[in-house]
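Visitor: one predicted model, sequence on top.
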Amino acid sequence: MPRLTLLLVALTAIHAAEYPFQDPNLPVEKRIENLLSLMTADEKVACLGTQTRVPRLGVANIGSSEGIHGVVQRGGGQANRAPIPTTQFPQPPGMGETWDADLVRQAGHVEGHEARFITQTASYNRQILMLWGPQADLARDPRWGRLEEVYGEDPFFNGTMSVAFIKGLQGDDPKYWQAAALLKHFLANSNENGRTSTSSDFDARLFWEYYSVPFRMGFLEGGAKAFMASYNSYNGVPMAVNPILKDITMKQWGVDVVSSDGGAVRQLVTAHKRYATQKDAVVACIKAGINQFLDRYADETKEALKDGSVTEAEIDALLRPKFRIAVKLGLLDPPEVVPYSKVKDSPEPWNTDADKNISKRMALESIVLLKNANGFLPLNKGALKSIAVIGPLADVVHWDWYGGKPPYTVTPLQGIKDKLGSSAVVNYAAGDNVGAAVKAAASSDVAVVVVGNDPTCGPNMGREFKADTSTSPCAVPSDGREGRDREIITLEQEELVKRVQQANPKTVMLLIASFPYAINWSQANLQAILHMTHASQDEGSALADVLFGDYNPAGRLVMTWPKSLDQVPPMMDYNIRHGRTYMYFKGEPLYPFGYGLSYTTFRYSGLKAGSTQVAKDGSVNVSVNVKNMGSRAGDEVVQLYVTHLGSKVERPIKELKGFQRVALRPGESKTVTIPLKASTLAYWNEKANRFEVEEEPVKVMVGSSSADIKLDTTIHVR
């Protein structure tokens, strides 16, 4: 819009404004102060929930929706609303397995755009401009029931992906947001069993160097302004009333909205047993900085206002930052000056080629090739006369608790059928009949067996939540979900895989899974294994493209996959130095962090640091040449790790500090440059209560996984 036009629109808005808070030319804080002065106490209390509308004053609602891998509008509920289809990407570990931060940014943009479209299309009658995502927690333990919601186990990696998703979701306009991100769940919330009463205990170094890193990056680098406090305690203090909400997230990181989790206020009474009544718990949450309640709070707050245990000034202080987000979303401004105001009515974005293309690319880039003995894959569809497609996940795309309704889905079976057409016979067996599975495998040239977990442990997850927010045990011990941790990490369906392989040695496993599995037998005996996570609307077409060589896989794992639980510390041991993640893992895993194969090979050469001497407040560019040595185009994921050689404190074995996914044609070479800031080498000095960059030599390594280092050099921090 030309500057003169903008000026005229702004001048018109001044005359049209009934109240000063509606004038976009006034300072934000003055506008909010005026709005608060016009609101009644009851209106203010009402805005401490997820609804921020003030109908009497014409203030629109921010609203909310789940949104960690797509907007969630499945419908139903008390209002029995109709579902709204939205683009559904792979679960967050799958998005992470792309190792493509820019693609994650694009997915975030798709989600934010679709939320804005739904909100502003009158026929939907929904307001969902605050999206509850990304999930910035860390995958500390392979048994955690909610691993399916997070990007991975490394703090820098998760932070990088969170920043990308936030930037895409909130948009790139310099003044207004497309949508608002709300990060989940702060802090150290990685056990489901007993989550409303347990305490995650660890020292200050692990707080600053590990558990809080993705959140801090999301706020300071990504620009997010909201998060949800977790159910658990941190070092004995429940997160809903923990002083760090104000002292760190608000004062140091500039957070505006702190939400309780569903039922968390009640759990302060019933599970944590910290307060005697719901009112006491509500007052404590208000004092701690909670300004978005997902629990019973309104009557208790009004009572507290009457008896003086909470003042209206305290309520104003909580609402002031909340309305800053309303201003960022353009909800107090004339639509003419808000660039996102025209996103409505048609076309439905989830039906456009733009959104579909990003969805398909995300699905393709997320696929990880775990094994490929003697180049068994890709399959030559021209030479195949028949193929068996077997297994309980062959003809389904599973939804998950934090996924929405996609506009379409393609199952693995359908994707393979579409790829082959009439050129080969597809023999399908669901897998519940082992005899049929064996027969299909034996009568086919190749067998593809599709196995994995059920993300919801059955179809009735919504009815299986208990008063303490736990869920019933899963029928399959290796399954997990919100409210229930996994009991084992072996794959029960591997017995089916064994039977199929015995019938046809040319067997490929497609492992559609939210979690790491100890598939030791399959790794030792199968020809090939492909992995992706659940819920992508393009699951089947992407897998078929990879199976038959129309796409060369380059996904990389985002978690360490142990060979057994014997390699993992006890569940409630939050001190990762005792053997958790690739940074401290003891022994040899089944698959290391960052692992993934390709249909081609790559050669690394010419590793260089821009300088061997780096100032404590400086940075250095690390470059390496990568060449595609094969006959197929493919992507390589170059990963940069560091090891501290002269630190005075205990440091990880190695730490990821940069990565880049690069596409290479056959025979092509590219120089990959990754910046390394000295500040990212700091540790938290507990005595000085600050980060400290040490003067020391640091080994800089590049490779294709945390366990496959190709080249290294040494820099000196001065």
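Guide: Perfect, I can see it now.

Visitor: residues touching the nearest residue to residue 694 once chain neighbours are set aside, list them.
Guide: Ranked by C-beta to C-beta, 6 or more residues apart in numbering and with sequence neighbours excluded, the top spatial neighbour of residue 694 is residue 647, at 5.7 Å. Every C-beta, even on glycine, is put in place using the N, C-alpha and C of the backbone. If a contact means C-beta atoms under 8 Å, 6 or more residues apart in numbering, then residue 647 has 683, 694, 696 as its contacts.

Visitor: what count of nearby residues applies to the residue nearest to the first one when sequence neighbours are not counted?
Guide: In space, and not counting its chain neighbours, residue 683 is closest to residue 649: 5.6 Å by C-beta to C-beta, 6+ apart. As a burial measure, residue 649 scores 12 neighbours (other C-beta atoms under 10 Å).

Visitor: against residue 205, how distant is residue 649?
Guide: The spacing between residue 649 and residue 205, counted by C-beta to C-beta, to the nearest Å, is 8 Å.

Visitor: now do the shared contacts for the two.
Guide: Where contact means C-beta under 8 Å, 6+ apart, the residues bridging residue 649 and residue 205 through contact with each are residue 683.

Visitor: for the stretch 151-300 of the chain, what spans make up the strands?
Guide: Assigned strands in the stretch 151-300 of the chain, in chain order: 180-186, 199-200, 226-229, 233-234, 237-238, 257-259 (criterion: DSSP state E, counting those that start in this stretch).

Visitor: just the ones of the contacts of residue 647 in strands?
Guide: Applying DSSP state E to the contacts of residue 647, the entries found in strands are 683, 696.

Visitor: now pLDDT and distance to residue 573 too, for the contacts of residue 647, in CSV please.
Guide: Conversion of the contacts of residue 647 to CSV gives the following (pLDDT from 0 to 100; distance: C-beta to C-beta, whole Å):
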residue, pLDDT, distance to residue 573
683, 98, 21
694, 98, 27
696, 98, 29
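
Visitor: from residue 570, how far out is the nearest residue in space to residue 502 that is not next to it in sequence?
Guide: Taking C-beta to C-beta, 6+ apart as the measure, residue 502 lies nearest to residue 438, with 7.8 Å between them; neighbours along the chain are not counted. With distances defined as C-beta to C-beta, the gap from residue 438 to residue 570 amounts to 40 Å.

Visitor: so those two - more neighbours on which side?
Guide: Residue environment comparison for residue 438 versus residue 570 gives the larger neighbour count to residue 438, 20 against 8, counting by other C-beta under 10 Å.

Visitor: contacts only, for the residue nearest to residue 707 when sequence neighbours are not counted.
Guide: With sequence-adjacent residues excluded and distances taken as C-beta to C-beta, 6+ apart, residue 707 is closest to residue 592, at 3.8 Å. By C-beta under 8 Å, 6+ apart, the residues touching residue 592 are 557, 560-561, 582, 705-708.

Visitor: for residue 537, same thing?
Guide: Under the criterion of C-beta under 8 Å, 6+ apart, the neighbours of residue 537 are 87-88, 359, 363, 397, 406-410.

Visitor: what residue ranges in this structure score low on pLDDT?
Guide: Across the chain, residues meeting the criterion (pLDDT under 70) sit at 1-16, 78.

Visitor: and the longest helix anywhere in the chain, what does it pack onto?
Guide: In the chain, with assignment by DSSP state H, the single longest helix is helix 101-120. Using 3 or more C-beta pairs under 8 Å, 6 or more residues apart in numbering; DSSP states H and E as the contact criterion, the neighbours of helix 101-120 among helices and strands are helix 92-96, strand 130-135, helix 155-170, helix 353-366.

Visitor: sweet, I'm off.
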